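Engineer: Fold the following, please.
(one chain, ligands or ions: 2)
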Amino acid sequence: MSCILISGGFGYIGSHTATILSEKNHKYVIVDNFSNCKRDIVDKIRKITKNKVCYYECDIRDTQSLINIINENKVTSVIHFAALKSVSESLMNPFEYYEVNVNGTISLLRAMKLTGVKKFLFSSSAAVYGEPDFCPIDENHSLKPLNPYAQTKIIIESILKDIYEAEKNWSVVCLRYFNPIGAHKSGLIGDDPLSGKSANLMPEIIKVVKGIKDYLNVFGNDYPTPDGTGIRDYIHIMDLAEAHFKALDFIDKRNGISFFNIGTGKGVSVLELKKAFENVSGLNVSIKISNRRQGDCAVCYANPKKANVMLKWKSKYDLKQMCESSWKFANRN
Ligand code: NAD
Ligand code: UD1
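Structural biologist: Numbers count the residues shown, from 1 in each chain. Ligands and ions are numbered 1, 2, ... in the order given. Sure, this is the predicted structure:
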């Protein structure tokens, strides 16, 4: 039976993906160093999947341990989530970002090469496009990193292209995620607003309604958008998780390297998301208009057609369902 190694499988996206893989009866082993997740995540995944969770506490930069894990578990493919993901932190501490994201990936790829595993699914980001020249953004849009975090994703994509050019029996897919929000229907796992250093919009909204923050800072209302606030492509975390399942099937069937946008194709403004959350929760989200955040673009949403056609994947959940699941998670935790 094939076995998938999931690096960073206890994080926000990895944990949701693990539940889908379990549902589809895929065997997997998680490798995580617990740097950005809580220990109780193991028990939560076990509760959801009703299965024992096979995992190793291991840093992806420890190549020898990865080799041992791959051999012990007869790993046949890898989904690589493990990374540092805060844009602001990457600007303050770029060294750490290149070290974990780039060196960590090279260590994982080296372990794969030495064990003959050649199927690789990589978590890339819409951040690779920088300030978009056009929307919806397709995969041929130019890559313009605005920060070290985005740069690490572009470097890794380039490394993967070179590996495939040199060894045509690799099968690689890079998924460029847009803005995942929401949580598993159980309410047990989600994007913990109190863990990590990133301050994405939905966790910030949750902090306000939970009384952890007095108001939501709306970063600019003078953008050239209908209500003046930034527009993004929010995608339900379970839709994003499902895309990994579809991409694994794609990887299994052909060699090559492919890049896919994973988004809904719909742009939603900060105020629209706030309103949708208020409608679902029945609570008021106080706001304060502040200056634009450095590095933010006005509008960013995906053209997901390539993934729709080639991966046979399409987002299913709407904004209301994203807000409902985030709210359920916030209330259970
Ligand atoms: P996350 O921080 O919740 O999960 C990452 C997991 O990797 C954590 O459990 C952490 O403990 C682990 N990890 C970090 N460094 C490690 C190391 N050196 N060795 C082993 N484990 C390590 O992040 P996420 O939101 O689940 O993101 C997963 C991937 O998707 C990342 O590569 C991220 O850059 C990418 N991505 C995320 C978003 C987003 O909005 N969340 C958007 C685009 C791309
Ligand atoms: C951010 C990162 C991006 C990364 C993604 C996932 C930046 C510049 N971009 O995307 O590279 O891939 O997270 O980790 O950090 N907003 C507010 N108030 C808040 C928080 C956000 O108004 O307190 C606004 C932002 O200005 C933006 C929208 O909400 O218009 C979404 O922001 P966020 O959730 O941080 O995601 P991105 O900036 O799109």
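Engineer: What ranges does this structure have for its strands?
Structural biologist: 3-7, 27-32, 55-57, 77-80, 119-125, 171-177, 179-181, 216-219, 231-232, 234-236, 256-262, 268-269, 287-290, 299-300 (DSSP state E).
Engineer: show me what contacts the residue in the chain positioned nearest to ligand 1?
Structural biologist: Residue nearest to ligand 1 within the chain: Gly11 (1.8 Å; Cβ to the nearest ligand atom). The way it works is simple: take the backbone N, C-alpha and C, and place the C-beta from them, glycine included. Taking Cβ atoms under 8 Å, 6 or more residues apart in numbering, we find Gly11 in contact with 32, 36-37, 81-82.
Engineer: Next, count neighbours for Arg39.
Structural biologist: Other residues lying near Arg39 total 9 when counted by other Cβ atoms under 10 Å.
Engineer: same thing with Leu91?
Structural biologist: For Leu91, using other Cβ under 10 Å, the count is 15.
Engineer: Looks like it contacts Pro148 (just checking).
Structural biologist: Yes - with contact defined as Cβ atoms under 8 Å, Leu91 counts as touching Pro148 (6.5 Å).
Engineer: just the angle between the longest helix seen in the chain and strand 171-177, please?
Structural biologist: Counting by DSSP state H, the longest helix found in the chain is helix 148-166. Compare the direction of helix 148-166 with that of strand 171-177 by axes from the mean of the first three to the mean of the last three Cα atoms, to 10 degrees and you get 160 degrees.
Engineer: shared neighbours of Leu91 and Pro148, anything?
Structural biologist: Going by Cβ under 8 Å, 6+ apart, no residue sits against Leu91 while also sitting against Pro148.
Engineer: Ligand 2 contacts on this protein?
Structural biologist: 85, 87, 125, 127, 150, 179, 198-201, 204, 216-219, 230, 232, 270, 293, 295-296 (Cβ under 6 Å from any ligand atom).
Engineer: In stretch 240-249, which of the residues would be classed as buried?
Structural biologist: Residues of stretch 240-249 classed as buried: 240-248 (neighbour count, 16 or more other Cβ atoms under 10 Å).
Engineer: Stretch 115-131 now?
Structural biologist: When burial is assessed from 16+ other Cβ under 10 Å, stretch 115-131 yields the following buried residues: 115, 117-130.
Engineer: And for stretch 62-79?
Structural biologist: Neighbour-count burial for stretch 62-79 [16+ other Cβ under 10 Å]: 62-63, 65-67, 69-70, 73, 75-79.
Engineer: Surely Lys185 touches Met322?
Structural biologist: No - using Cβ under 8 Å, Lys185 is not in contact with Met322; the gap is 11.9 Å.
Engineer: Compare the two and say which is more crowded by neighbours.
Structural biologist: In this view Lys185 and Met322 are compared by other Cβ under 10 Å, and Met322 has more residues nearby, 28 against 14.
Engineer: what's the closest non-adjacent residue to that one?
Structural biologist: Once flanking residues are discounted, Met322 sits nearest to Gly182: 4.1 Å by Cβ to Cβ, 6 or more residues apart in numbering.
Engineer: and that neighbour, how many neighbours?
Structural biologist: Look at Gly182: counted by other Cβ under 10 Å, it has 27 neighbours.
Engineer: pLDDT below threshold where in the chain?
Structural biologist: For the chain, the stretches with pLDDT under 70 are 196-198.
Engineer: Would you state the helices of it in chain order?
Structural biologist: 12-23, 41-49, 63-73, 87-92, 94-97, 104-115, 148-166, 201-209, 237-253, 270-281, 305-310, 319-332.
Engineer: Could you tell me the phi and psi values at the residue of the chain closest to ligand 1?
Structural biologist: Dihedral angles of Gly11 (phi, psi; degrees, to the nearest 10) stand at phi -80, psi -170.
Engineer: what sits against the residue in the chain that ligand 2 sits nearest to?
Structural biologist: For the chain, the residue closest to ligand 2 is Gly230, as judged by Cβ to the nearest ligand atom, at 2.4 Å. Gly230 sits next to 219-220, 223, 269-270, 296-299 when contact means Cβ under 8 Å, 6+ apart.
Engineer: again with Ile262
Structural biologist: 175-178, 235, 240, 243, 302, 304, 307, 313.
Engineer: try 10 Å this time
Structural biologist: Residues in contact with Ile262 (Cβ atoms under 10 Å, 6 or more residues apart in numbering) are 123-126, 175-178, 180, 233, 235, 239-240, 242-244, 246-247, 302, 304, 307, 311, 313, 315.
Engineer: How about Asn217?
Structural biologist: Counting by Cβ under 10 Å, 6+ apart, Asn217 makes contact with 199, 204, 208, 270, 287-291, 293.
Engineer: What is the most widely separated pair among those?
Structural biologist: Greatest spatial distance among the contacts of Asn217 (Cβ to Cβ): Val208 and Asn291, at 18.6 Å.
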